[in-house]
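# the following block contains a protein sequence and its predicted model.
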There are 2 protein chains.
Amino acid sequence: MVTWFRRARPRAGVPTITPRSEAIEVARVELAELTPTPERYLGQTAYLTLVLFENLGRAVTAAPTTDAKSRLTRAAAEMLAAHEGLVAELSARHDDPVVEMDPFRLPLDDFQRRTQGADWFEILVTCYVTAGFLTDFFIGLSAGLPNSLQRRVEALLTISDGEAVLVSELRSAIDASPRLASRLAMWGRRLVGDTMLVARSALQQGGQLPEEKIEPVFTELIAAHTRRMDALGLTA
Amino acid sequence: MVTWFRRARPRAGVPTITPRSEAIEVARVELAELTPTPERYLGQTAYLTLVLFENLGRAVTAAPTTDAKSRLTRAAAEMLAAHEGLVAELSARHDDPVVEMDPFRLPLDDFQRRTQGADWFEILVTCYVTAGFLTDFFIGLSAGLPNSLQRRVEALLTISDGEAVLVSELRSAIDASPRLASRLAMWGRRLVGDTMLVARSALQQGGQLPEEKIEPVFTELIAAHTRRMDALGLTA
């Protein structure tokens, strides 16, 4: 937690090392038996990173200054690299990436519409909150993948530069406006429900889910979400 | 011209080599003395590639199928790499990328709004026509840059995979619908005026422009545009 707060105020010029969330560790332990097949896991995360990339693309377009626009392209590029890496993993397995992504299109497009945000600041909060929550979750869920694939997937989904850009853009605006802070705190709460549904749906493979394993994971994911909102100066 | 038509119908699995336009050669000869300073050239092309990337991002979001979406991300990634490469050139010269891009923000944002297109097909035509015209123009205009910078800039602005994706998406839809063909032909004509203004503005550095040098360049750029529309099965 201490490292988290340190990260929210990086010293200029010193590259920050992103401490990954506790939630990842808990999910890794509890969800290893619930990991989908590699092609299903890769299909869902490939389409998800595409949706998260599109959200960052909207943020780039909506950015009010050249500086913000330029910094956000780095976040978009990082997410696009994750998407392309996941698609390449599918191709390397001789799975058709389009066939594997397709089942996730309707639910994830729907998720995107429901969480799109009305203006630049809401778009940024969406990018930060949904990407943070879901990359934590999916990195944890990768525990049941074959070992070498697991390591490559974790590296792809560890989106650190992009997150730092979002925090610094949001933090300065929020510090300057209590009214904006209150609006964005509400927006952050609004996002969590839809985001949790996306995570849960990755586990549903027929049969009843073992709630005793899932509950502690979501408790940790929500705690990580709270720390993420704290880093913005917002109440979760 | 023959190679152009061959390129519009690539054999599956065979990588096509993109023949660059005649317009580049003419611009290279005629415009070498009108090339802006390196920082101005790089600032304008860096912001332009950002705008062209944002357009491709909108195309990704608007794509009606997972297949189209996935193919278009490759075009977006190629344009984003061009943008990042141009920004890196500014940084390597110790120019501030934001300061150098900023003067081009208002006119290029305005260009983007005027050319944004009403639906998926119009967005694709915008991406194809404006990127084709302007990369031809700016590659030609790079002739007056220092030699090694010129070669790197030309490599960055040579957007070949992305263009092939746009052509194949558009071609199949246009072949299937004469009504769509007529609407998109009109849209293509509508785009040329705004696109030419962006190119001309790159030359305006005070003083009167030598129209006798500029005219043959625009004649060739429009001929290249006509071939580009031909490749879609559209009348320019």
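Sure thing, it's come through.
# in which helix or strand would I find the residue in chain A that chain B sits nearest to?
Closest residue of chain A to chain B, CB to the nearest CB: A:G57 (3.2 Å). No exception for glycine: its C-beta is placed from N, CA and C like everyone else's. Here A:G57 is covered by helix A:38-62, with elements defined by DSSP states H and E.
# that helix versus helix B:38-62: what angle between them?
In terms of direction (axes from the mean of the first three to the mean of the last three CA atoms, to 10 degrees), helix A:38-62 departs from helix B:38-62 by 130 degrees.
# beyond helix A:38-62, next helix or strand please.
Using DSSP H and E, the helix or strand that follows helix A:38-62 in sequence is helix A:66-92.
# same for that next one, what does it pack against?
Counting contacts by 3 or more CB pairs under 8 Å, 6 or more residues apart in numbering or on different chains; DSSP states H and E, helix A:66-92 is packed against helix A:38-62, helix A:97-101, helix A:147-157, helix A:161-176, helix B:38-62, helix B:66-92, helix B:97-101.
# out of those, the one nearest B:A224 is which?
With respect to B:A224, and counting by CB to CB, the nearest of those is helix B:38-62 at 16.7 Å.
# hmm, that closest one touching chain A?
Yes. Contact between helix B:38-62 and chain A, assessed by CB under 8 Å from any CB of the partner chain, occurs at B:Y47, B:L50, B:F53, B:E54, B:G57, B:R58, B:V60, B:T61.
# ok, now which ones touch A:F121?
Contact analysis of A:F121 by CB atoms under 8 Å, 6 or more residues apart in numbering or on different chains lists A:L170, A:A173, A:L180, A:R183, A:L184.
# apply 6 Å and report the result again.
By CB atoms under 6 Å, 6 or more residues apart in numbering or on different chains, the contact set of A:F121 is A:L184.
# before we move on, the earlier item: which one of the residues of helix B:38-62 next to chain A is nearest chain A?
The closest of the residues of helix B:38-62 next to chain A, once distances to chain A are taken by CB to the nearest CB, is B:G57, at 3.2 Å.
# thought that closest one was touching A:N55?
No. Counting by CB atoms under 6 Å, B:G57 does not reach A:N55; the two are 9.9 Å apart.
# can you tell me the centre-most residue of chain A?
Centroid-nearest residue in chain A: A:A131, 1.7 Å away (criterion: CA atoms, centre = their mean).
# tell me the spacing between that one and A:A164.
12 Å (CB to CB, to the nearest Å).
# A:W120 too?
From A:W120 across to A:A164, the span is 18 Å (CB to CB).
# how about A:D67?
A:D67 is 15 Å from A:A164, by CB to CB.
# more crowded one of those two?
A:A164 (19 against 16; other CB atoms under 10 Å in any protein chain shown).
# so who does the more buried one touch?
A:A164 neighbours (CB under 6 Å, 6+ apart): none.
# okay, it: pLDDT?
Model confidence at A:A164, expressed as pLDDT, equals 88.
# kindly report the same for A:R6.
A:R6 carries a pLDDT value of 36.
# ok, A:L145 next?
pLDDT, read off for A:L145, is 96.
# same check, this time on A:G140
95.
# what's the answer for the one 10 residues further on, then?
According to the predicted model, the pLDDT of A:Q150 comes to 97.
# that one contacts A:S142, doesn't it?
Yes. Assessed by CB under 6 Å, A:Q150 is found in contact with A:S142 at 4.9 Å.
# who has more neighbours out of the two?
Neighbour tally, A:Q150 and A:S142, criterion other CB under 10 Å: the higher count belongs to A:S142, 26 against 19.
# so that one makes contact with A:R151?
No. In this structure, A:S142 is not within contact of A:R151 by CB under 6 Å, at 8.8 Å.
# for chain A, what lies in contact range of chain B?
Chain A has residues A:54, A:57, A:60-61, A:66-67, A:70, A:77, A:80, A:98, A:101-102, A:105 near chain B, with proximity defined as CB under 6 Å from any CB of the partner chain.
# please redo it, this time with the cut-off set to 8 Å
A:47, A:50, A:53-54, A:57-58, A:60-61, A:66-67, A:69-70, A:73-74, A:76-77, A:80, A:83-84, A:87, A:97-98, A:101-102, A:105.
# helices and strands of chain A: which one bottoms out on pLDDT?
Within chain A, no helix or strand scores below helix A:2-8, which has a mean of 37 by mean pLDDT, DSSP states H and E.
# and the helix or strand just after it, what does it pack onto?
For helix A:2-8, the following helix or strand on the C-terminal side (DSSP H and E) is helix A:22-31. In this structure, helix A:22-31 packs against helix A:120-141, helix A:211-231, with contacts taken as 3+ CB pairs under 8 Å, 6+ apart.
# by neighbour count, which bits of stretch A:228-236 are buried? Give me those.
A:R228, A:M229, A:A231, A:L232, A:L234, A:A236 (16 or more other CB atoms under 10 Å in any protein chain shown).
# revised request: answer the last question for stretch A:95-104.
Within stretch A:95-104, the residues scored as buried using 16+ other CB under 10 Å are A:D95, A:P97, A:V98, A:E100, A:M101, A:D102, A:F104.
# surely A:A236 and A:A223 touch.
No. With contact defined as CB atoms under 8 Å, A:A236 does not count as touching A:A223 (9.2 Å).
# can you pull the contacts of the residue nearest to A:C127 when sequence neighbours are not counted?
Leaving aside its chain neighbours, A:C127 sits nearest to A:N55 (5.1 Å; criterion: CB to CB, 6 or more residues apart in numbering or on different chains). A:N55 makes contact with A:Q112, A:T115, A:Q116, A:I123, A:T126, A:C127, A:T130, A:A131, according to CB under 8 Å, 6+ apart.
# which of the residues you listed count as buried?
Looks like the contacts of A:N55 have A:Q112, A:T115, A:I123, A:T126, A:C127, A:T130, A:A131 buried, using 16+ other CB under 10 Å.
# find the nearest non-adjacent residue to the third one, please.
Right, the one you point to is A:I123. A:G117 (4.3 Å).
# so where's chain A shaky on pLDDT?
Applying pLDDT under 70 to chain A flags residues A:1-20, A:204, A:206.
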